[in-house]
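[1] Need a 3D model of the following:
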Amino acid sequence: MKRREAREQAFVLIFERSINHDTTEQIIDAAEMSSDIRIDEFAEKVAVGVEENEDVLNTQIEKNIRGWKMNRLSKVSLSLLKLSIYEMMFVKDIPVSVSINEAIDLAKKYGGADDAPFVNGVLGSVAKTLGGTDE
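    Predicted structure coming up:
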């Protein structure tokens, strides 16, 4: 499985957890028992990492969503922000620009018209605060 596909799988796991509040492991077990789907190792690592570091990720999001409240964000945007910020902070072999671009692509695919520009803006701000630019 390509990294892009694994990232999309991680997004789906994070999004699913935001809806039903099961643990990532419970969601993975249910998915694998009910279908022929196998969860990629990278996807599982990222989704579990997001769950384990949720407080840190939420703090970064809250600091960078000027004028917004967390409970007003779409579940798609929030899930993508958590995914991408996790990558920026904890997965050192992925360039920041790749994390941002992949999140924008997923926002275009799964979100509404405003999700991609919103995600782009927040992640750009987070990248600056973390000192994470590829240039």
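
[2] what's the pLDDT at the closest residue in space to K75 that isn't next to it in sequence?
    Distances taken as C-beta to C-beta, 6 or more residues apart in numbering put S18 closest to K75, at 4.9 Å, once the chain neighbours are dropped. Where C-beta positions appear, they are placed from N, C-alpha and C, glycine not excepted. pLDDT for S18: 94.

[3] and stretch 72-83, how far out from the chain's middle?
    Relative to the chain's own centre, stretch 72-83 is displaced by 7 Å; criterion: C-alpha atoms, centre = their mean, to the nearest Å.

[4] and the gap between the residue nearest to K75 and N120?
    20 Å (C-beta to C-beta, to the nearest Å).

[5] Helices of the chain, residue ranges please.
    Counting by DSSP state H, the chain has helices at residues 3-20, 24-34, 41-52, 54-64, 75-90, 96-110, 115-130.

[6] and among the ones you listed, the most buried is which?
    With neighbours defined as mean count of other C-beta atoms under 10 Å, the helices of the chain peak in mean count at helix 75-90, which reaches a mean of 24.

[7] Lovely, talk soon.
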